[in-house]
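Novice: Sharing a sequence plus its predicted fold:
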Amino acid sequence: MSSLVHQFSHEDLLRNRDDIAAGKLWQFPGGIHPPQRKELANKTAIRRLPPPSRLLIPFKQHIGQPGTVLVQEGDHVLKGQPLTAPGPNSGLPVHAPTSGRIKRIGEHPSAHPSALPVATIELLSDGEDEWAEKHPIADYTALSSSELIALIAEAGIAGLGGAAFPTAQKLAADGQLDYLIINGVECEPYIVSDDRLMREHAAGIVRGIRILQHISGVKNVLIAIEDNKPEAIRAMQDACSGTENLAVRIVPTRYPSGGERQLIQLLTGREVPANGLPKDVGLLMQNVGTAYAVYRAIILGEPLLERVITLTGEALQQPGTVWAMLGTPVDTLLKQAGYVPYPNARVIMGGPMMGFTLPTLDVPIVKGSNCILAPAKRELPASTTEMACIRCGACADVCPASLLPQQLYWLARDHDHDGLREHHLADCIECGACAYVCPSEIPLVHYYRQAKADMREQYIEKQKAEIAKERFEARKARLEREKQERLERHERAAEARKRALAEREAKAAETASASGSDTTGEPNKPANDRVAAAIARAKAKKAEQQKAAQATENPEGQADAKPEAQTESSNSAEALKASPDEAPENDPGNDKKARIAAAVARAKAKKAAQQGSD
Amino acid sequence: MSMVAGIIALAVLALAFGLLLGFAAVRFRVEKDPIVEQIDSLLPQTQCGQCGYPGCRPYAEAIANGDDINKCPPGGQSTIEQLADLMGREAKPLDDAHGVEDVKKVAYIREDECIGCTKCIQACPVDAILGATKQMHTVIADECTGCDLCVEPCPVDCIDMIELQQGPERWKWDLEQIPVTQLATEVKS
Amino acid sequence: MSESIADTDVADEASAETTNGRFDEVRTLTQNGLWSNNPALVQLLGLCPLLAVSGTVTNALGLGIATMLVLIGSNVTVSLVRNFVPSEIRIPVFVMVIATFVTLIELFMNAFTYGLFMALGIFIPLIVTNCAIIGRAEAYASKNNWQLSAIDGFMMGLGFTLVLVLLGAMREIIGQGTLFDGAELLLGDWATVLRIELFAVDYPLLLAVLPPGAFIGMGFIIAGKNWIDHKREQRNQTDSVKKVERARVTSA
Amino acid sequence: MMTQMRRNGLILAAFALVSTILVMTTQWLTEDRIAEQQRSELMTTLNSLIPPALHDNDLYADCTLVTADELGLSEPQPVYRSRREGQPTALALRTTAPDGYSGNIHLLVALNDNGTLLGVRALSHRETPGLGDKIEVRRSDWIHSFQGQQVRGADDPRWDVQRNGGMFDAFAGATITPRAVVNAVQRTLLYATEHQQQLFNASANCSQSGDMQ
Amino acid sequence: MSFYIASSPHTRQRRTTARLMQLVIVALIPGILAQWYFFGWGVILQLLLAVTTAYATESLCLHARERSSLSALRDNTALVTAMLLAVSIPPLAPWWVIVIGVAFSIIVVKHLYGGVGQNLFNPAMAGYVVLLISFPLQMSSWVAPVELTGQHLSLFESIHLMLFQYTSEGYSVEQMRMVASGTGLDAVAMATPLDHIRTDLSQGLTLSESLQAPLFSGLAGLGWQWVNLAYLLGGLFLLQQRVIQWHIPAALLASLALLAALGTLLAPDQLPGMDIHLFSGGTMLAAFFIATDPVSAATSNRGRLVYAALIGLIIYLIRSFGGYPDAIAFAVLLANMCVPIIDKYTRPTTYGHPRRKLQ
């Protein structure tokens, strides 16, 4: 609320609350009107598919730490059974979306623009879809907020709007809240998941909202829906009718009014401070899908196992919405929607504005996925050649965050990180409105992403450099100290030696070996001698090998190494035996020594081979 | 007459200003130039010595004394540019006599082959290698700066410099580098 | 001032490669003054007179020679007194030396090349503020003996004059199609024969005659120099493969 | 601290002393020559206007300062008198056209004792190069068109540019400059013929050695 | 099978630079037609010459810079530059004037600064200024509007005049101008209304006396008022097409009109009024086509208001008190120089950041 105090004086705040209650709508700057194309998928009801034969469940499907795995390869799991335990820092668990056998736990391409492999559990469905025990709560009002939050965390619920921020964490934040905003705006073209969900499950959503209200203690709820979804509006209004404090707000269709910050500005005229959260201005926002998932988790006792996915695009024969189990591979879904592939096709996870193209279809649906868009070849104009920026400022006109996209673009190209910070790159929500209108077809968002990644990387590097510097200096100090100690010790030893010499010459050897028992200081002398001898031998051999390798061709160099390594191993074994020094635990037998020697020989041989091949 | 007046006036003025400057020189003496610290904080602290100086700080001092700013391969072009900014000089391309900019790497010890000689431990400028005499050594990957100073001393050549594994979180949006051929045959139509 | 720019890599290279003979030093000074550290093209000093009086070759030459004389004089004087001047008053002393020389030159020009004096106007006293002069005093003359300082002054002055004359020639040719127009102001009446009319212009290209032309011309000269440097560097790049020994931070 | 201050002060003072003496000496040495230069410069212009046959006096010395609105400025302007055998023959007046295209145009107007123009020269101006600067003798012959002209009065219709029905050519692209010059010359001529006697009789009082600027 | 990978957004508005420039060119047509009607064939000839020169120099530069010339040529920016310059210069100026001007615009102002989008200055106006200060004579000999001359110089005579600077009968533009000033009617060259007023005022005439000249009739000078109205029409088309935003034209015209009104109030006999300022000279062309050049204008809407108001102010000051009759080019270039600082101080407040208080 402290930020609210900054934004509004007390009277203004009161007036602001009255305005909100009266249903006033504000404006956010910028925004665009891309073709909606929602009719492709919103005609039919949400289909439920049979469980896919193979599910790919990444450990981490939310923002935060991944959990630790609870199952092993080969285990049989039941539907709803947790597969990971939540990691530290409000991590979320993942659950088995259906019953089956764990085939593999390992790396698999991720549902990420990079498709870099991440830790994933591969589950083979047994087709039974057999539930583990569910724990429905009959009367949630009997439970405290924290208990319910724990249940929501256990159910693995993350924001289903796309960001996949752990819902429990969002709910757990304390602070006085004015309004709970339920985001049913779904402003991205093509996507109709929330639309269909609201049409078909309005009652469940409202029950979920009630639970959220109970947890957060917010009296008033605003449900925001864009005016291009009349059926959903009607359904929600019907579900809300007769209930108090639940208001459906119809917002004009404009992208990106569904962005959290934009919607807040639109509905309340408040601005979430940079680096702040909606709760700083007394608001809490949840997606309709999340509200529904909360309802299922608490009332039905079902953890988050599936979500509504829009399958759309003209490359699909049966576009529509489906309940897809988390972990369903994209190609399975596409096949069921009648995907007609063509060379160099685009498959986009998410919408056309903020989604990302998939390099491979063998990636799973995760909690944050809401749409698979498979456009036909000419459906969405692909980006053409990037031309020079003409500073027309169209990007600035549409930026919902009032940034200066072209300025950011110049700065990003210059790698001017200070400038980027000064121009608030961090406040860019990557909505893509700027790139959409750019007459020069500059992939602006891509520049920003790279710049953000660069800055993040540099920040990490900087941290690392600090640590490295500290360690380097600590090491220097340590070496200095050790040198001092050694000097002193040598002095003492010399004195002792002198004394000993005066007393008895025979004892001199013992004094010397005693001084050698230090581990961190000068390495043991006899041991050193031994290794040195081994290396000297190895070197001599290598020289021979080199000659041989140069004389013949390189493959022989490697072959030659074997027998010689053996002879050497016997040599070094003898050498080891001959030195009765400390570290007996290191001496399990000739075997190990032979291995060491072999390693040395191998290394030499390899080097020789390389040199030979050069 | 005017000549004498002019001469006297100038001489007196000069005398006065000379006194003033003498006073100012003593009164406002600047103690130390902190520029070395600033330079040092820009360097990557790999302590790799590729610049020809034993460590980052000596190089920072050298830069402050006028050495070229393009001798740090681990820092790469971005460091050169930051240094150029700081020093008010022109950014030059990296002097490849000192090596070339490379991807970030960490040292990895093939533990089977390690003979426990501790040479690498002594070579590591940031104490990122664990181990003791005749015991297998291992690199603390998080602390390793990738300077590769440990590679050369290893008598059995069991240290590799491997590319730092990056997850999706640290991906740099280099779309061209995604291996698109992978698993491409999965879609059957 | 230009200390950091002055004495750049070329100086280092030359002194590193050869023994510090006087001849090499002179060669380095020549190279610096005329090309690699040219006051007008590289240090971008003294642009005010450079741009204002380079309308014709004659004016350019006049101011160039005046500047050169001041440079030599001030460099020699500064070098001679450098050991007696404490560092905190060196700038006032340098300025005084320079101002004296400029005033002397101004008086002499007024007396002997009156026409040119009238043409150059305010720009002669303005030589005092030409940073190239105090820059050389500070960067070179205060650290070297007087002979070398004199050569440095001469070479820097020559470099400045050459650029000035080049710019003057460009502007004069483009602007009015002549060369050495009004040379008699500088060199006496016989010099009228020097005037070359390259082509007759009905309408002089005033842009070249006016100050904007000086800026544009200067831009082209600098670009030309950079282009030549770039080409030379490209040519040299192939044969400069050196390997610098890596320092070991740690004992190995 | 005191010693350092004293040392700095004295060194600086010493430098100042030497510098000033040097400058003063040079000035003293060149003084005469500079005066001579300025004089000869003006003489060149005067001589080109007033033929040597007309005078046997020192034009440069026979100079008086007059202040008149007709001469364009409020400061005194020098007037050079030419005499032969003591008889007045011609006058050369410095005058200013205040309404040039960009500021004042300084002129030297010479006329003989019967009010006929001997010639006009532009001494300094800031007119547009290529357009207005055709009033300079080295750029155009235009200024010679004044030679031999007389003025009949303040409203003499011939004293205007051709465009307005006068007798003077207005060079292409500019009317303001020639008109300003024509008007200034006309005014000066009227003034000079009217006050001819007075001007010749005034005492020579141009004590400063010719101010050309 | 591999997939097409790209960064979001995956859809675009498809309103390319080339398309925007095409619209600008379309919007110029009414003005060009008006100019052709009132000032004759010279306008068209200058346009042809300008466009040819622009394409030639543009491809030359692109070639020298080792850029693919085709796509860059197709962006039409050089075309717009050339056209703006061509309609700004006197229709019967010698052929080499426009060639030098366009070449300078494209080579020096555009490409030496780094090509499209990198130029600090409006190329057309920089070219115009170069011409104006280099060839003041040629640049100040305008053509009399058809209402005064009765008929145009024929196409042949126009070409002859542009090539040789004499008509086939041996008259130069200046000579025709002289005749015109004598008789007022039977020649083609004369001063523009603004030039005329300026000359008269400097001769001590009052404004109302000056406006008695046959050149003035109606709003703001024969021919010119219609040309300005035609450009206004084109400008409104651009606004309607959302090629330009209202900020620049509105602020420019408002500031100029306001100052003119103020001037009339203070010195009605010395300072021309709003009608003259708005509908004479290049005002409308400047407001809708020149000042709105995105590359050299300010970028934020608030900045655009400041930028355009500044242009209006400078135009007014130079027209009223400066050395040149019209001042569009100087005003635009001076305002171009101020753009970085305007941009710096008019940056919109980013969402979620505290509003900056004015100090």
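Specialist: Now that the structure is in, tell me what you want to look at. From a predicted model like this one, the values you see are computed outputs, not experimental measurements.

Novice: doesn't residue E:65 make contact with residue E:111?
Specialist: Yes. With contact defined as C-beta atoms under 8 Å, residue E:111 reaches residue E:65; the gap is 6.6 Å. All C-beta atoms are positioned from the backbone trio N, CA, C, and that covers glycine.

Novice: Show me what from chain E comes close to chain C.
Specialist: E:108, E:112, E:130, E:133, E:134, E:135, E:136, E:137, E:138 (C-beta under 8 Å from any C-beta of the partner chain).

Novice: Out of these, the closest to chain A would be?
Specialist: Nearest to chain A among the residues of chain E next to chain C is residue E:112, at 14.9 Å by C-beta to the nearest C-beta.

Novice: Under the pLDDT cut-off, which ranges of the chain? List them.
Specialist: You didn't say which chain, so I picked chain A. Applying pLDDT under 70 to chain A picks out residues A:1-6, A:89-90, A:505-596, A:599-600, A:602-604, A:606-614.

Novice: Please refer instead to chain D.
Specialist: D:1, D:129-130, D:163-164, D:171-174, D:207-213.

Novice: so where's the longest helix in it?
Specialist: helix D:2-49 (DSSP state H).

Novice: next one: that helix to chain centre, how far?
Specialist: 27 Å (C-alpha atoms, centre = their mean, to the nearest Å).

Novice: got the CA positions of whatever helix or strand comes next after that helix in PDB?
Specialist: As assigned by DSSP states H and E, the chain's next helix or strand after helix D:2-49 is strand D:63-66. Below are the C-alpha coordinates for strand D:63-66, written out as PDB (Å, rounded to 0.1, in the frame of the first residue of the first chain):
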ATOM      1  CA  CYS D  63      42.200  65.400 -43.000                       C
ATOM      2  CA  THR D  64      39.400  66.700 -40.900                       C
ATOM      3  CA  LEU D  65      36.800  64.900 -38.800                       C
ATOM      4  CA  VAL D  66      33.200  65.800 -39.300                       C
END
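
Novice: Okay, now the sheet partners of strand D:63-66, with direction.
Specialist: strand D:77-84 (antiparallel) (DSSP bridges).

Novice: elements contacting the helix or strand just after the partner strand?
Specialist: Moving toward the C-terminus from strand D:77-84, the next helix or strand (DSSP H and E) is strand D:87-100. Under the contact criterion of 3 or more C-beta pairs under 8 Å, 6 or more residues apart in numbering or on different chains; DSSP states H and E, strand D:87-100 touches strand D:77-84, strand D:103-112, helix D:176-194, helix D:196-201.

Novice: switch to 6 Å and redo it
Specialist: Of the remaining helices and strands, those touching strand D:87-100 by 3 or more C-beta pairs under 6 Å, 6 or more residues apart in numbering or on different chains; DSSP states H and E are strand D:77-84, strand D:103-112, helix D:176-194.

Novice: Tell me which residues are up against it.
Specialist: D:46, D:50, D:54-55, D:71-73, D:77-80, D:82-83, D:104-113, D:118, D:127, D:177, D:180-181, D:184, D:188, D:192, D:199-200 (C-beta atoms under 6 Å, 6 or more residues apart in numbering or on different chains).

Novice: now with 7 Å?
Specialist: D:46, D:49-50, D:54-55, D:71-73, D:77-83, D:104-113, D:118, D:125, D:127, D:177, D:180-181, D:183-184, D:188, D:192, D:199-200 (C-beta atoms under 7 Å, 6 or more residues apart in numbering or on different chains).

Novice: the inter-axis angle of that strand versus strand D:103-112?
Specialist: 160 degrees (axes from the mean of the first three to the mean of the last three C-alpha atoms, to 10 degrees).

Novice: in its sheet, what does strand D:87-100 sit against?
Specialist: strand D:77-84 (antiparallel), strand D:103-112 (antiparallel).

Novice: The ones you listed into JSON lines, with extra columns for distance to residue A:9 and mean neighbour count?
Specialist: As requested, these are exported to JSON lines (distance: least, C-beta to C-beta, whole Å; neighbours: other C-beta atoms under 10 Å in any protein chain shown):
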{"stretch": "strand D:77-84", "distance to residue A:9": "72", "mean neighbour count": "22"}
{"stretch": "strand D:103-112", "distance to residue A:9": "58", "mean neighbour count": "22"}
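
Novice: Fine by me, we can end here.
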